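Colleague: Okay, here's the prediction I keep looking at, along with the sequence it came from:
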Amino acid sequence: MTAWGAGQHLDRGVVLDFGTARARVSSLGIASFGSALARVYGEFEPIDDDGICEVSVLLRPVTGNWLKKPEIELVSDGARLFDAFAPRLHLPLFEWGVNFLLAQRLLHLLLLHAGSVALDDRAIVMPALPGSGKSTLTAALACRGFRLLSDEFGLVNLNSGMLHPLVRPICLKNESIDVIRRLWPSAVLGPEFAGTRKGTVAHVAPNAQSVSCRYRPAKPVAIVFPRYRRGASLVVERVTRASAFNSLAVNSFNYTFLGPLGFRCVARLVEQCPVYRLSYDRLDEAVACLQEIVADRRPSGLLESPVELLHNA
Amino acid sequence: MSVGVLGQAGQLLFEVLESPARAAPWPDSRWDRAIRYARSSRLLGSLAERFHGDPAWDVLPPRVRALLQGEVYRNAFFERAARHEIACVARALTGIEVPVVLLKGAAYLLQGLPHARGRQIGDVDLMVPRDRLDEVESALLRSGWQFAKTSAYDQHYYRAWSHELPSMRVPGHALELDVHHTILPIKGRLRPDAAQLLAAARPLGAGPWRCLAPADQILHAAAHLFQDSDGWNKLRDLIDLDRLIRHHAASEADLAMRLVERSKLHELVRPLWYATQFLWSWFKTPYTKELSRLLRPGFSARPATALGCRLFTLTLPPPDLDGVTTIRQRMARKSMELRAVWLRMPPWLLSYHAAHKAWRHFVPAVAPMQ
């Protein structure tokens, strides 16, 4: 445990080091924001320096709004992001704001919209198509010995093809919060925030192992497209490389900007890694399957004939 | 001289762009601020290009180098997108013999001006003769361009009272197209001579492309910043002017005399005068001191221009990174916004337009969509 003291002065600003990027956060007079941060970033040492941060944000009350209810806003480099939020939704605003900014600014790497975890230095990439349940699955893997690289981004080095960590709290929504609480009683969860655009959210604090390994890249050994299907039994299928390429490229934040470099990077990923689709209901079954995949074992029940991923699959 | 000091933020940007060798070994705290101010002023792309070819690149702190490398990739994307857009327009206009003058960033790119890359332009600006506007518009619509704003009022506003068509875009293209027939709003206080701009335009490679004559290009940049904008956080436009003058002075004889002549012809003496004041005071741009003396010498005595200088001093540099503004800055910004509107259209038109906007704000369903 590191030193988030009671005296953490958020008005002066504190720097959080996620590994590949650092964020400076300061806030003015927002009750309980400091304690929420301390909870979900408990394993991070709060840094107090003026060094380089890829993202710098300030949370503060909106001024000049006498007729409306009090609201807070997120400001970065002089410009306000998003609409104003209710003051009690400080941590979700911070987390979404920082994700949004990181997605725009980390352009020297390919940014996949995916959860990524690693066992030692062997990584699995789980692209975040709608209905994938990737955050819940990422959290489940994190409590079964995998280290968290990121629950939102797969950061791929354009030269080496390695995945870079961006260790940040995992955002769980609605029923997933209780599921993970039951599955992982020792996990540190931040406060629950009801009434957000995504329903009720809560954040899982990255554990000591993930945080201490935030500078260690990992080699992608498999791409797994998760698909949550309530009540279904586990089905694991191969995916055609072409449709995998398409889904990965479409689910990237900066594929378009990177042009030929992005193309080559995604092509290398699908050429070097086996690609699976995993349809699941029970988390423990999904985790067991992924444990086999990361160990380079053939997953039990693998259906041999490759399936085409449709755009909305 | 009523131009105030540049201030810390502006000075930091000036220094980091001026000398990569001196800036590369800066401490991390200085770099962090430089990057954030550059991002705020839309100069991060230019910063990346400045360092990319330079030996100082290897001396940069690793996080800075990674950020700038990302911007280099983004610059390349925007350049590809701009060239693609320009090529598509050329194809759409084949068969129509019309001179098309590229303006601003698109022109700088095709002219190969050193400061073109890194500007990450969001749109391609062109100018055609007013009597050919309908023809050009039809050709573009036939080839897939669509208007962004489609209400009947907006279309009428642009065509009757503005100097440009509403923005157009081919769905899926990264950049928008802005088709002008002159360089300042037609009901505005200053009326440059569009026919003269077109007549003096120089051919630019193959196809219909032209670019403004050097003096006209500088005048356009000065008008764009000092006449047709609210001047807020526009250090990048001032730097454009600096680069333009340096580049053209090297290859054009008598640039100063040409600028004085053309500024009188196009009624752009005042914007040019403002440009010379700020360029000399802040960047020591060559020729600007002499140029300001050649323009009406009694200028600096006028209270209006003195106030203008003070307002631009407050608004041009990037604002505080935490959004903390002084009352003076807020008042300056408000005044400049009003000034920009005032300069665009006469009072009767202003009232009409403001009333219509207020009406639409409160009754949004009324305005029919085409």
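Modeller: Ah, there it is.
Colleague: what's A:Glu54 sitting at in phi/psi?
Modeller: Dihedral angles of A:Glu54 (phi, psi; degrees, to the nearest 10) stand at phi -70, psi -30.
Colleague: typo on my end, B:Arg119
Modeller: According to degrees, to the nearest 10, B:Arg119 has phi -80, psi -20.
Colleague: How about it, nearest residue that isn't a chain neighbour?
Modeller: Leaving aside its sequence neighbours, B:Arg119 sits nearest to B:Gly105 (Cβ to Cβ, 6 or more residues apart in numbering or on different chains; 5.0 Å). Every C-beta, even on glycine, is put in place using the N, C-alpha and C of the backbone.
Colleague: same for whichever helix or strand that neighbour is part of, what does it pack against?
Modeller: For B:Gly105, the host element (DSSP states H and E) is helix B:104-111. With contacts taken as 3 or more Cβ pairs under 8 Å, 6 or more residues apart in numbering or on different chains; DSSP states H and E, helix B:104-111 sits against helix B:62-92, strand B:123-127, strand B:209-211, helix B:214-226.
Colleague: Mean pLDDT added to those, as TSV?
Modeller: Below are those laid out as TSV (pLDDT from 0 to 100):
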stretch	mean pLDDT
helix B:62-92	96
strand B:123-127	95
strand B:209-211	95
helix B:214-226	95
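Colleague: For B:Ser263, which of those is the nearest?
Modeller: B:Ser263 lies closest to helix B:214-226 among the helices and strands packed on helix B:104-111, at 5.9 Å (Cβ to Cβ).
Colleague: tell me the average confidence for stretch B:144-162?
Modeller: Averaging pLDDT along stretch B:144-162 gives 81.
Colleague: List the buried residues of that stretch.
Modeller: Within stretch B:144-162, the residues scored as buried using 16 or more other Cβ atoms under 10 Å in any protein chain shown are B:145, B:147, B:154, B:157-158, B:161-162.
Colleague: Which parts of the stretch 101-250 of chain B are helices?
Modeller: B:104-111, B:133-142, B:152-161, B:194-200, B:214-226, B:235-251 (DSSP state H, counting those that start in this stretch).
Colleague: typo on my end, chain A
Modeller: Secondary structure of chain A (DSSP state H): helices at A:33-40, A:90-105, A:134-142, A:175-183, A:208-212, A:241-250, A:255-258, A:260-272, A:283-294.
Colleague: Provide a list of residues in contact with the closest residue to chain A within the stretch 1-150 of chain B.
Modeller: Distance from chain A to each residue of the stretch 1-150 of chain B (Cβ to the nearest Cβ) is smallest for B:Gly70, at 2.8 Å. Neighbour list for B:Gly70: A:105-109 [criterion: Cβ atoms under 8 Å, 6 or more residues apart in numbering or on different chains].
Colleague: Just the ones in strands from those, please.
Modeller: A:Leu109 (DSSP state E).
Colleague: So what's the residue count around the closest residue to chain B within chain A?
Modeller: Chain A approaches chain B most closely through A:Leu107 (2.8 Å), counting by Cβ to the nearest Cβ. Neighbours of A:Leu107 under the rule other Cβ atoms under 10 Å in any protein chain shown: 23.
Colleague: Just list the residues touching it, thanks.
Modeller: By Cβ under 8 Å, 6+ apart, A:Leu107 lies in contact with A:254, A:257-258, B:69-71, B:73-74.
Colleague: Can you name the residues of the stretch 1-150 of chain B that neighbour chain A?
Modeller: Residues of the stretch 1-150 of chain B lying near chain A by Cβ under 8 Å from any Cβ of the partner chain: B:28-29, B:31-32, B:35-36, B:39-40, B:61, B:63-64, B:66-67, B:69-71, B:73-74, B:76-77, B:80.
Colleague: 10 Å instead, please
Modeller: Within reach of chain A by Cβ under 10 Å from any Cβ of the partner chain, the stretch 1-150 of chain B has these residues: B:9, B:27-41, B:44, B:48, B:61-78, B:80-81.
Colleague: about what we covered before: the helix holding B:Gly105 to helix B:235-251, inter-axis angle?
Modeller: On the basis of axes from the mean of the first three to the mean of the last three Cα atoms, to 10 degrees, helix B:104-111 is oriented at 40 degrees to helix B:235-251.
Colleague: how does chain A divide up, domain by domain?
Modeller: A:14-105, A:109-168+A:206-307 (automatic domain parsing).
Colleague: okay, those domains in CSV with distance to B:His356 next?
Modeller: Putting the domains of chain A into CSV (distance: least, Cβ to Cβ, whole Å) gives the following:
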stretch, distance to B:His356
domain A:14-105, 26
domain A:109-168+A:206-307, 38
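Colleague: Could you dump those into CSV with distance to chain B, mean pLDDT and mean neighbour count added?
Modeller: Below are these laid out as CSV (distance: least, Cβ to the nearest Cβ, whole Å; pLDDT from 0 to 100; neighbours: other Cβ atoms under 10 Å in any protein chain shown):
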stretch, distance to chain B, mean pLDDT, mean neighbour count
domain A:14-105, 4, 92, 18
domain A:109-168+A:206-307, 5, 94, 20
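Colleague: Please tell me how far B:His248 sits from B:Ala213.
Modeller: 9 Å (Cβ to Cβ, to the nearest Å).
Colleague: cool, and A:Thr256?
Modeller: With Cβ to Cβ as the criterion, A:Thr256 and B:Ala213 are 36 Å apart.
Colleague: Check B:Val100 too.
Modeller: 15 Å.
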